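1. Predicted coordinates and the sequence they were generated for:
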Amino acid sequence: MIDDKALLSEYLSESEELLDSLLGDLDSLASRAGDSPDTNLINRAFRTVHSLKGLSGMMGLAEVQSLAHDFEDILDDLRLGQLALNEPISSALQEAGAGLAALVGGAARGNALEEDFERLRQLLASITLKSRERARKEDSGLGLLNLSERERALLTEYEEHRVNENVRAGRPFYAITVTFEIGKLDAQYRALVARLEAAGELITTLPAKTTAAALVGFKLVFAAGLKEADVKRIAGPFGGRVARLERSTWRKAGAALRAAGRIMPGRGGTKGTVEHLDAVLPPGFAQESLQPLSPSVRVEMSQIDELSGLAHELSIGMERLTSMAETFLGAANLGARERSDLRFSARRMKREFLELEERLVELRMVSLAQTFTRAARLAGRLARELGKSVSVELTGRETQLDKVIVDRVADPIYHVLRNAVDHGLEPPEERRLAGKHARGKINLEARLEGTRAVISITDDGHGIDQAEVRRQAIDTGLIAHDEALSEEETLRLILRPGVSTADHVSAVSGRGVGLDAVERTIYELGGEVRISSEKGKWTRFDLAVPTTLVMISAFIVRASGSRYAVNVAQIIELLYVSPEEILGRDGRRSVAWRGGTIPLVELGYVLGLGGARLLHRPAAQNGDGKPAPPAGPVKVPVLVTCTADRNVAVAVEQFDEQREIIVKSLGSVGRRLKGVVGAVDLEGGDVALVLDMPSLLVLRSMRL
Amino acid sequence: MTKSTNDRDANARLAIAGLSLDLGQDPADGKAELVSVLMFEVGGAPYAIGVEQTEGVVDCPRITPLPNPPDGVAGLASVRGRMTVVMDLGLTVSQDLVRQRLILVKGDAQLGLLADRVEGVLALEPKKVRPVAHGKDSLTLQRAKFGWPARSYFKSGRQRVPILDLDRLCEA
C-alpha cells in the first residue's frame, strides 16, 4: 500500500494511462486474432507493461510488479513468435489486462483481494504454459541468407525471428547497401527507412565498409513481397545498391518446397489449445469495474495560468471595491455595526482571494519522483555500457517544485549524473585497489532550503584533483599562474568550458563541454551550482533552484529609486551602519560584523543601476509611519546575506517592510536576467523585482 | 480556421482593446490570402507586426527598470496580472518621447512593444510584402536598414515599413 497521498495519486494517474493504452492494444490484437499479428501493437503492449512493471516496482508494489513481469514475458514470447496469437490466447490476454487494471488500484490503496492476485497469476501461468509447450523449434531461416558469420552474430533473437517469419511467408530478402555523408546521415537514413517500412519489413541495419572517412555505410536487410526492380526503385534515389540476399541454391529449393506445399506461406499458428485455457478463464475479477482508477483530471498549464491571472484581476478589483466602500462609509449615515460588518466582509474576501491565488500556485507543483526515477535508470544503464556497476540511492523525490522547473532541471540532473558515472566513479578494479566496494554509489537527493530546492548528486568516486584543475585553467588561460583561488573558486573552474576532470575523453563526457551548459540552465532558472569534493573520496554537485511561484516571505527594500524584494530566508541580519564603520573605498568596501570583517556592496551597484553612491550621504526620506533609523548621525541600512561561501553586507537606500508575496515569472526573455527570479505586484501598479541574492552576488563575486 | 475568421478575431480583439480600426482593406471580403498587420509608430517611424502575433493593445502602465537589461528592453510592467517585458524600439533614437501604448505580444516571452501611436490593422496583398534580405548576414542587414530585426517590409507611399520579426526580437 502506498501511504503518501500525493505519490499514490500520481501513481494511479500514470498507471491509468498505461493501462488504457494496454487494454486498447490488447483489444486491437484480439480483433485481428488469427491474422498474422501486428508486431507494432505487440511491441507497444510489451513496452507499456514494462513501464507499468517499473512504475509498480518504484512504488514498492511487489505483487503487481511480479504479475506485470509475468505478463511481460508472455508478450515477449508473442513478440518472438514463440506463442501464436490465436483467439483463445488473445481473449485470455484481454482478460489478464482487465485483471491487472483491477488489481493496480486495489494494490495501491491497500485493499486488493488475495484471490484476485491468485486468479491473475493462474491465468498468466496458463498462457505461459501454452507458450512453453510450443518449444522453440523454429528452424533458423538464417542459413538461407547470404550473410557473413559476423553479420549473423549481430542479429538479435527478435530479428532472427522476423527472418524466420518472412521465410515462412515466402517473401524475398534483399540486401540494400548505402553510404551516406556523415552530415546528412540522420535525415537520409530516416527517409530511406520510412520508404522501406512503407513497402515491407526492414529487419535490421548492419554496418558496412566505406571508401572514405567522411562516409558511413550500411547494409539493410529488407524483406518484402516485391520484385527486385521495385526495391531498386525505392533505394535508387538514396544511391542504394540492391541485391537478393538468399543463397541461390536455397532460393531454388525454397521455391520448389513452396510449390510442393511443404512450407506454407502465412502464419505458423497453433490451434487446439482452447479447452485448456477456457478452464482457467476466470468468471471475472472481483474489483474490476468501470470506475476510473484515479480521480484526477489532466489540465494544460496554460489553463492554470489563465485562472491565476483571472484570480489576480479579481483580487485587484476587490481592493478597489474595498477602498471605494471605505469612502462611501464616511459619507453614508451608517451605524457602527454596519461599518464593522462591511470591513469584516472585505477583510475576509481579501484573505480568501489570497488563498485562492495560493491554491492555484500549488496546482503547478509536481514532485521530482519521475525525474529522479528516470535519471537513476539512465545512470544504471550508462554504467553497464561503461562496464561499471553503480547503485543509485534516491532521497527526497517527493519534493515538490513548479512543473516548469522540474522539466527544466531534468537535463542538468542527468548531465551531472552522467559525469559522475563516466568519470566520477572509477572502474571496478581501480575501486578495489583503493579499498572501496567495486560497486559505485551515487546519491541523488532533493531537499528544501528556504524557498529553494537543492538537488545534490554525490558520487563516491575519485573526487576532483584541484591541482590538475588549476593546471588546466592556467594552460587554457582562464587564470593567471599565480592567481590565488579559494577551494570553492578552484572547483568552480570545472564549470568553465575547456576544463575537464576526465583523464580520458569518451563518447559520453570528458570533453570539457557541457557543465557550463548545466550552470547556464540553472542560472536561468534563478538558481546556482555548488561543487564540493574530497580527492580520492567523493564529489558533490548541488543544483539549487527556486521552487518559485510559491508565496515567499520577502523583505522590501529601496535602491536607486525602485523597490526590490529579497527573500527573508536569504537575509541573515538587518543593520544600520554608521559611515565611520565602513572601511576601504569604492568597489572594495568592508564592514566589521560579528567579530570579523565582511565585504560591503551597494545594491544599486550590484544591479548595475548606476555607480557607487557615496554611502555617507543621507539616505532617502523614510516613508510615512516607517520606523526611522536610530537617532544621531545618518546611518546606512544594510542587509547581511550569504553567498556560497561567505557573508556579504549589501547596502540599500531604505528598508521598507516585510510581507508575503507571490513571485511571478518574467517569461522566457526575463528569465535570462541574472539574479532576478521574478517580480511581484505592489500597490499602485508598482512592480518590485524579486532578487536572488546568492546568484546576484556570485555574478559579481570577483569584484567583492 | 480560415484566414478570414482569424482576421475577424484579431479585429475583435483590437476593438476590445480600445483601438479604433483603420482598415486599409476589409480583411473579411473573401480574399483569403491577405496578410494582416498591425501598424504603429515609434519615434516618428512606422512599424508593422503580424496581427496574429499580438494579443491586444493597452495603455502602458508604469515601467520598472531592469538591472543590466538586454538591448531595447525598457523595463518591466505588470499587465493583466502578468509581468511583461517592455521593449522600446525607439530607445536608440530618442529617449524623451512619452510612449503611451503597449502592444502585447503573444508567446511565453511575455513581451510588450511600446508605441507612440497605434494606427490600426492593415490587410496587405502578399505580393506587396517583400523579403528584406537573404543569406547569412540578413540580420545585420535588417538591423542596418531598420534598426530592428525585420524579415520583410512593404511600401506605404514612399516609405518602407518593416514588419518586425518577433522570433529574432526575442533572441536579440
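-> That came through fine.
2. wait, what's in contact with A:Arg397?
-> When contacts are counted by Cβ atoms under 8 Å, 6 or more residues apart in numbering or on different chains, A:Arg397 is found next to A:367-369, A:372-373, A:446. Just so you know, the C-beta spots here come from the backbone N, C-alpha and C atoms, and that holds for glycine as well.
3. The same query, at a cut-off of 6 Å, please.
-> If you count contacts by Cβ atoms under 6 Å, 6 or more residues apart in numbering or on different chains, A:Arg397 has them with A:368-369, A:372.
4. What ranges does the stretch 201-350 of chain A have for its strands?
-> Along the stretch 201-350 of chain A, the stretches classed as strands by DSSP state E, counting those that start in this stretch are A:201-208, A:215-223, A:241-244.
5. Could you report the distance from the residue in chain A that chain B sits nearest to to A:Gly561?
-> Across chain A, no residue is closer to chain B than A:Gly667, which sits at 2.8 Å (Cβ to the nearest Cβ). Taking Cβ to Cβ, to the nearest Å as the measure, A:Gly667 falls 24 Å from A:Gly561.
6. okay, the two: which has more neighbours?
-> With neighbours defined as other Cβ atoms under 10 Å in any protein chain shown, A:Gly667 and A:Gly561 compare such that A:Gly667 has more, 20 against 11.
7. List the residues that contact A:Asn443.
-> Applying Cβ under 6 Å, 6+ apart, one finds that A:Asn443 lies in contact with A:393, A:458.
8. Could you point out the helix or strand that follows the helix or strand containing it?
-> Using DSSP states H and E, the secondary-structure element containing A:Asn443 is strand A:440-449. Scanning the chain past strand A:440-449 towards its C-terminal end, the next helix or strand to appear is strand A:452-459 (assignment: DSSP H and E).
9. and the helix or strand following that next one, which residues are buried?
-> Towards the C-terminus, the helix or strand next in line after strand A:452-459, according to DSSP H and E, is helix A:466-475. Of the residues in helix A:466-475, those buried by neighbour count under the rule 16 or more other Cβ atoms under 10 Å in any protein chain shown are A:466, A:469-470, A:472-473.
10. again, but for stretch A:183-190
-> In stretch A:183-190, residues buried by neighbour count (16+ other Cβ under 10 Å) are A:188-189.
11. And for stretch A:675-691?
-> Neighbour counts using 16+ other Cβ under 10 Å place A:675-682, A:687-691 of stretch A:675-691 among the buried residues.
12. Pick out the residue of chain B closest to chain A.
-> Closest approach of chain B to chain A (Cβ to the nearest Cβ) occurs at B:Gln110, with a separation of 2.8 Å.
13. ok, now which ones touch that residue?
-> For B:Gln110, the set of contacting residues under the criterion of Cβ under 6 Å, 6+ apart consists of A:667, B:84-85.
14. Which ones among those residues lie within strands?
-> Secondary structure assignment by DSSP state E places B:84-85 of these in strands.
15. now the contacts of B:Gln110 as TSV including pLDDT?
-> Formatted as TSV, these follow (pLDDT from 0 to 100):
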residue	pLDDT
A:Gly667	75
B:Thr84	88
B:Val85	91
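16. hmm, back to that, my read: the residue of chain A closest to chain B touches B:Ala109, true?
-> Yes: the pair A:Gly667 and B:Ala109 qualifies as a contact (Cβ atoms under 6 Å) at a distance of 5.2 Å.
17. If the residue nearest to A:Leu666 when sequence neighbours are not counted is in a bridge, with which residues?
-> Nearest-residue entry for A:Leu666: B:Met83, 5.2 Å, with adjacent residues in sequence omitted and distances by Cβ to Cβ, 6 or more residues apart in numbering or on different chains. When bridges are taken as DSSP bridges, the partners of B:Met83 come out as B:Ser78.
18. Kindly report the same for A:Val390.
-> The bridge-partner assignment for A:Val390, based on DSSP bridges, gives A:Gly440.
19. if I read this right, it contacts A:Gly440, doesn't it?
-> Yes: with contacts counted by Cβ under 6 Å, A:Val390 reaches A:Gly440, the gap being 4.5 Å.
20. Tell me, please, where in the stretch 551-700 of chain A the pLDDT is lower than the cut-off.
-> In the prediction, the stretch 551-700 of chain A carries residues with pLDDT under 70 at positions A:551, A:586-587, A:610-633, A:644-645, A:662, A:671, A:684, A:698-700.
21. Next to chain B, which bits of it? Give me the list.
-> Of all the residues in the stretch 551-700 of chain A, those in contact range of chain B (Cβ under 6 Å from any Cβ of the partner chain) are A:562, A:607-609, A:664, A:666-670, A:679, A:681, A:685, A:687.
22. Among those residues, name the ones in helices.
-> Those of these mapping onto helices are A:667-670, per DSSP state H.
23. ok so, going back, would JSON lines of the buried residues of helix A:466-475 with pLDDT and distance to A:Thr211 be doable?
-> Listed next are those as JSON lines, based on pLDDT from 0 to 100; distance: Cβ to Cβ, whole Å:
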{"residue": "A:Gln466", "pLDDT": "87", "distance to A:Thr211": "48"}
{"residue": "A:Val469", "pLDDT": "87", "distance to A:Thr211": "43"}
{"residue": "A:Arg470", "pLDDT": "88", "distance to A:Thr211": "46"}
{"residue": "A:Gln472", "pLDDT": "85", "distance to A:Thr211": "39"}
{"residue": "A:Ala473", "pLDDT": "86", "distance to A:Thr211": "43"}
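24. Could you let me know which of these ends up closest to A:Leu19?
-> In terms of Cβ to Cβ, no member of the buried residues of helix A:466-475 lies closer to A:Leu19 than A:Val469, at 50.2 Å.
25. ok, now how distant is that closest one from A:Gly608?
-> To A:Gly608, A:Val469 is 30 Å away according to Cβ to Cβ.
26. repeat for A:Leu425
-> In this view, A:Leu425 and A:Gly608 are 42 Å apart by Cβ to Cβ.
27. Between the two, which has more neighbouring residues?
-> A:Leu425 (27 against 16).
28. Next to chain A, which bits of chain B? Give me the list.
-> Within chain B, the positions adjacent to chain A are B:61-62, B:64, B:67-68, B:76, B:78, B:81, B:83, B:85, B:108-110, B:170 by Cβ under 6 Å from any Cβ.
29. Show me which pair in those residues is furthest apart.
-> Using Cβ to Cβ, the residues of chain B next to chain A reach their maximum pairwise distance at B:Asn68 and B:Gly81, which is 25.8 Å.
30. Neighbour count for these two, which is higher?
-> Neighbour comparison, B:Asn68 and B:Gly81: the larger count goes to B:Gly81, with 19 against 13 (by other Cβ under 10 Å).
31. circling back to that earlier point, setting aside sequence neighbours, what's the nearest residue to the residue of chain A closest to chain B?
-> Distance criterion Cβ to Cβ, 6+ apart; nearest residue to A:Gly667, sequence neighbours excluded, is B:Gln110 at 2.8 Å.
32. Phi and psi next, for A:Arg496.
-> Comment: the main-chain dihedrals of A:Arg496 come out as phi -80, psi 140, following degrees, to the nearest 10.
33. Just give me the neighbour total for the spatially closest residue to B:Pro67 that is not a sequence neighbour.
-> Nearest-residue entry for B:Pro67: A:Leu607, 3.7 Å, with adjacent residues in sequence omitted and distances by Cβ to Cβ, 6+ apart. Using other Cβ under 10 Å, the number of residues around A:Leu607 comes to 22.
34. Give me the distance between A:Leu607 and A:Val652.
-> Between A:Leu607 and A:Val652 the distance, using Cβ to Cβ, works out to 11 Å.
35. Equivalent analysis for B:Arg117, please.
-> From B:Arg117 to A:Val652 the distance is 39 Å (Cβ to Cβ).
36. Check A:Leu103 too.
-> Plainly put, A:Leu103 is 61 Å away from A:Val652 if you go by Cβ to Cβ.
37. With A:Thr399 instead?
-> 32 Å.
38. Between these two, which has more neighbouring residues?
-> Summary of the neighbour comparison: A:Thr399 and A:Val652, criterion other Cβ under 10 Å, with A:Val652 having more neighbours (24 against 20).
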